[in-house]
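1. Below is the structure, and that's it, no one-letter string:
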C-alpha cells in the first residue's frame, strides 16, 4: 500500500486554491510529483471527474510500486522524480533558440535533408510543425470515412464515451511503475478510432495533427480499429529529436477488434540524454492482426517491450524491431506475445547493433496459456557487434503451458565479419563502404517495412552513425 | 555453544554453531574456520525468493530445511554397493560417512587421493568455485556439509577408468564434493545421486578445478526416489587449454533444482555440456546452466533436451556470458523441449551476455509436441503406439546423448530406457 498522503482535493479545489481557470495562472507545474501537480494538470485540461480520479489513483500506484529490479540498475537509479517538470503548456514551453540547438543535431538535420520548418519543430524551436496544406486534404478524407484522428486531449473532450470505454483497459495503471506515472500525468498523444470495415489508405502520422500538443514527455495513445478496419500509424521520426526534459514515459494502447489490422511504426531518435521508458500493448481479437515495427536509435536508456495479447482465435501478432546502441547508450528493447486463444500465431524478429561501448539487450516473453492449442511462435534475435567494449544481451523467456504448440527461439551474435569485409573490399569497395553495406544488409528486413521516406532517412542516419567506425 | 538465531523467519529456528559438527567429524582447524565463516554468510545472504531471476519458477520454500542443518540425525546404513564394472575408484557417501569402496592399485600408485574432504590438502580450493555467498542454500551447505569428499588427481596422471561416486539421500543431506585435477591430468567422474524417501531433502555442492591442459568428463546423474526434493549447485573451473565435458541427466525427485556451470578461466579452455531430463507425474525440474567465458579463445557448446509426460514441468535457464577481455570466443547453446502430454509444461530461457565484439555465439530453444506424422509413420510400419512414442523420445534424446563418450552414453541410455519403459510411457 502507498504511504503517500492521499489528498482529496477533488471536492473543494476551487475554494482552497482560489481559481478555477488555471490557464491564466500557470504555464507549467512546479518540479516534482504529488497529488497537487496531478490535480493542476487535470484542472487545466478541464477533464471529467472520472479521469481526474483515475489520475489520482494511478499516482498512488506509482508511489507504491517499486522501481524495476531488473534492467540497467545504474541508469535507472539516476532518475530523480522530484527534479522533473511533469506538465508544461504547449504554447508556454520554453522556446529554444535555434542557436541553442547542439551542433551535432544541426549537422544531422543537414545530412538527412530535413526541411527547414521541420528542423525547427524537431529541435523544439517552434511549437509545431506547419503542415496544414497536407493535413487539410487528409483530414477531409478521414472525416468522410468516419475516422477519428485527434490528439488525446481533444479525443477525451469530443469522444468521452469511447475514451472512457477503452482508456486503461489494455494497460491498467498497476501494470508497472511507469505506466502508473503516465496515467497520472499524461498529456498529448494520439486518439484514433477507425469504424468497422474502413481501410485507412495512407499511414496516419502524428505530424498531421494540428494544434496538437508537441511530442510530449508523457504521451498517451489509444488506437481502436473496429471490426474489419485497417490502419497504419507512424510515430516519431528518424531525425533526432532534441529534448531538454530527460524522462519520457509514454503509454500506447491498441485494440484490434475482430478481423482488424493495426500496424504501429515507431522510430525513436531522442537525444542522448533521454530516458525512454515506454509501455506499449495491443489486444488482438479474433482474426485480427497487430504489427509493431519498432526502431530505437536515440536516447540514453530505452526500455520498451511492445506486446501483443492474442485474445481471439487465429489472431496474429508480429513484432519487428531494430536497436542501435552507440557509445554510452543502452537499448533495452524486446517484445512480448501472450497467446490466450487457440490457433494464434506470432513472430518476433529483433535486430540489434552495439557499437563502441553501446549496449543492446533483447528482453522478451512468449507465453502460451493452457488451452491455447495449435499456436505457433517464432523468435529470432540477431546481434551485430562493432568495435571494442560493445555489449549485447539476450534474455528471452518462453512460458509454455500447452503441448500442442510450436515454439522456436533463435539468437545469433556476431561481429562484423572479416571475411565479408574482405570479399567486399576485393570488389573495390572502400572499408567504410563495405562496413556500411554489411550493416545495411543486416537491418534490411526492418527498413523494407518502413514507408519510403523513412527508409531513405534511416539509411542516411545509419550511414552517419557508422561514420568514422573504421579502424 | 549457544546457537545463533537467524534474523528472518525460517522454517527452522536456528543455524547452530558449526564447531561441534566439525569436532564430531574430526576436522582440522582450517575447515572449522571455513564453516564458521560460512555460517556468518548464511546470516547475510538473503533467502531465495521468487523475485530473484533463478527462483522465478520454483517455490523456494520447498528447498528450505525444516530442521537445524547442524543437527546430526542418525540415518540407516545405505544398501551395500556391488561393483559391476572396472573402476579407478568407487566411493559411497551417505549420512556423515565417506566410504571408499574401491581404489584401484594403478590409481593408488599414481597418487590419486580419494578421501574425506577434511583429510585432503584442499584448503586453497574449498569455496573458490561455489563460494558460500553464492546463495543461501550454498551458504548452508558450506556451514554444515557432510558427507564431504575430495578427489585429487595429480598432474600428468591419466586415469583410464572412471571414478564413481554414489551419494545416497536420506533425511536432510548436505553433501559436498571437491575435485582437483592437476595439470594435464585426465579423468572421468560420475556423481550419481540415488536413494531418499518421503521428506528427504538434498542440498549439494560440487566444486571442480581442472588445471592447465587437463581433461575431465563429469557426469551428474540424478535418479532419486520420487518423493525427494533436491538442490544441486556445481561449478567447474577450467585452466588454460583445459577441457571439460559435463553430462547432466535428471530422472528422479519430486522437485529438483540444478544450478551448474563451467567457468572458462584459462585461455583456450573448452567446455561442453550435454543434458537430458525426463519427467513424468508431477515432477518439477528447474535447471540452470552457465558457461562463463572469462578468458580469450575459449569455446563452449551446450545441448539440453527435456522430454515431459504427465503433468511434469521443466524450467530451463541457460546463460552464456562472454567477458570483456575474452576475445575470439565461440559459444553455442541449444535447448529443446518435447511435450508428450497436454498437461506438461516447459519454460525455456536461454540468455546471452556478451561484452566484447570478437565472438561468435548462437542459441536456440524450442518447445514442441510429438510430431503426429512421425507417430503415424512408425505405426504404419506395424509398431504399436506406445513403442512408437518411446522410439521418438529415444531418438530425441539420442541426438544429445550420442555426443557423450561411449561408456557414459551407454550408462545414461540404459537409465533412459529403464525409465521410459517403467514409468514415463
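-> Sure, I can see it. What you see is a predicted model, and the numbers here were worked out from it, not measured in a lab.

2. Quick check, residue B:366 in contact with residue A:408.
-> Yes - using Cβ atoms under 8 Å, residue B:366 is in contact with residue A:408, at 4.9 Å. No exception for glycine: its C-beta is placed from N, CA and C like everyone else's.

3. Next, count neighbours for residue A:273.
-> The tally of other residues near residue A:273 (other Cβ atoms under 10 Å in any protein chain shown) stands at 13.

4. And residue A:359, by the same measure?
-> When neighbours are defined as other Cβ under 10 Å, residue A:359 has 23 of them.

5. Show me what it bridges to in the sheet.
-> In this entry, residue A:359 is beta-bridged to residue A:330, residue A:391, by DSSP bridges.

6. Contacts only, for it.
-> A:72, A:325, A:329, A:330, A:331, A:390, A:391, A:392, A:393 (Cβ atoms under 8 Å, 6 or more residues apart in numbering or on different chains).

7. residues touching the closest residue in space to the second one that isn't next to it in sequence, list them.
-> Translated: residue A:325. Counting by Cβ to Cβ, 6 or more residues apart in numbering or on different chains, the nearest residue to residue A:325 once its immediate chain neighbours are dropped is residue A:358, at 3.1 Å. Applying Cβ under 8 Å, 6+ apart to residue A:358 gives the contacts A:324, A:325, A:326, A:327, A:328, A:329, A:330, A:331, A:390, A:391.

8. and what of residue A:58?
-> Here residue A:58 is in contact with A:173, A:180, A:181, A:182, A:183, A:184 (Cβ under 8 Å, 6+ apart).

9. right, and the helix or strand after the host helix or strand of the second one?
-> Right, residue A:180. Using DSSP states H and E, residue A:180 sits within helix A:177-185. Sequence order places strand A:190-194 as the next helix or strand after helix A:177-185, per DSSP H and E.

10. ok, which stretches of chain A are helices?
-> A:13-17, A:35-45, A:49-64, A:73-76, A:103-112, A:116-122, A:132-145, A:152-158, A:160-166, A:177-185, A:418-426, A:431-447, A:452-466 (DSSP state H).

11. least reliable of those helices going by mean pLDDT?
-> With a mean of 43, helix A:13-17 has the lowest mean pLDDT of the helices of chain A.

12. near chain A, which residues of chain B?
-> When proximity is defined as Cβ under 8 Å from any Cβ of the partner chain, chain B approaches chain A at B:51, B:53, B:324, B:337, B:339-369.

13. same thing but 7 Å
-> Residues of chain B lying close to chain A (Cβ under 7 Å from any Cβ of the partner chain) are B:51, B:324, B:339, B:341-342, B:344-355, B:357-369.

14. how many other residues sit next to the residue of the stretch 201-350 of chain B found nearest chain A?
-> The stretch 201-350 of chain B approaches chain A most closely through residue B:339 (3.7 Å), counting by Cβ to the nearest Cβ. Residue B:339: 26 surrounding residues under other Cβ under 10 Å.

15. Looking at strand pairing, list the partners for it.
-> Under the criterion used (DSSP bridges), residue B:339 bridges to residue B:308, residue B:369.

16. State the distance from it to residue B:158.
-> From residue B:339 across to residue B:158, the span is 42 Å (Cβ to Cβ, to the nearest Å).

17. cool, residue A:246 as well?
-> Distance from residue A:246 to residue B:158, by Cβ to Cβ: 62 Å.

18. list the contacts for the nearest residue to residue B:184 once chain neighbours are set aside?
-> Leaving out its chain neighbours, the residue that sits closest to residue B:184 by Cβ to Cβ, 6+ apart is residue B:213, at 4.2 Å. Residues near residue B:213 by Cβ atoms under 7 Å, 6 or more residues apart in numbering or on different chains: B:183, B:184, B:241, B:242.

19. and residue B:213, helix, strand or coil?
-> Of the three states, residue B:213 takes coil according to DSSP: H, G, I helix; E, B strand; the rest coil.

20. Model confidence score at it, please.
-> 96.

21. and what of residue A:79?
-> Note on residue A:79: pLDDT of 89.

22. so residue A:45 sits right up against residue A:153, yeah?
-> Yes - taking contacts as Cβ atoms under 7 Å, residue A:45 lies within contact range of residue A:153: 5.9 Å.

23. and the nearest residue to residue A:336 once chain neighbours are set aside, how far is that from chain B?
-> Once flanking residues are discounted, residue A:336 sits nearest to residue A:307: 3.8 Å by Cβ to Cβ, 6+ apart. To chain B, residue A:307 is 17 Å away according to Cβ to the nearest Cβ, to the nearest Å.

24. Is residue A:310 in contact with residue A:341, as I believe?
-> Yes - under the criterion of Cβ under 7 Å, residue A:310 makes contact with residue A:341 at 5.8 Å.

25. In terms of neighbours, single out the busier of these two.
-> Each of residue A:310 and residue A:341 has its neighbours counted (other Cβ under 10 Å); residue A:310 has more, 31 against 22.

26. okay, now the residue of the stretch 51-200 of chain A found nearest chain B: neighbour count?
-> At 6.3 Å from chain B, residue A:69 is the closest residue in the stretch 51-200 of chain A, using Cβ to the nearest Cβ. Residue A:69: 10 surrounding residues under other Cβ under 10 Å.

27. what is residue B:172 paired to in the beta sheet?
-> Beta-bridge partners for residue B:172, by DSSP bridges, are residue B:201.

28. Who are the contact partners of it?
-> B:65, B:67, B:69, B:201 are the contacts of residue B:172 under Cβ under 7 Å, 6+ apart.

29. Can you flag which of those residues belong to helices?
-> Among the contacts of residue B:172, no member falls in helices (DSSP H).

30. got a winner among these for most neighbours?
-> Of all the contacts of residue B:172, residue B:69 has the most neighbours under the rule other Cβ under 10 Å, reaching 24 neighbours.

31. thought residue B:177 was touching residue B:191?
-> Yes - in this structure, residue B:177 is within contact of residue B:191 by Cβ under 7 Å, at 6.3 Å.

32. tell me, what's touching the two both at once?
-> In contact with both residue B:177 and residue B:191: B:165, B:206, using Cβ under 7 Å, 6+ apart.

33. what residues does chain A put near chain B?
-> Within chain A, the positions lying close to chain B (Cβ under 7 Å from any Cβ) are A:69, A:385-401, A:403-415.

34. neighbour-wise, which of residue A:246 and residue B:158 wins?
-> A count of neighbours by other Cβ under 10 Å puts residue A:246 above the other of residue A:246 and residue B:158, at 19 against 12.

35. if I look at residue A:458, how far off is residue A:35?
-> Taking Cβ to Cβ, one finds residue A:458 at 42 Å from residue A:35.

36. of the two, who's got more company?
-> Each of residue A:458 and residue A:35 has its neighbours counted (other Cβ under 10 Å); residue A:458 has more, 24 against 20.
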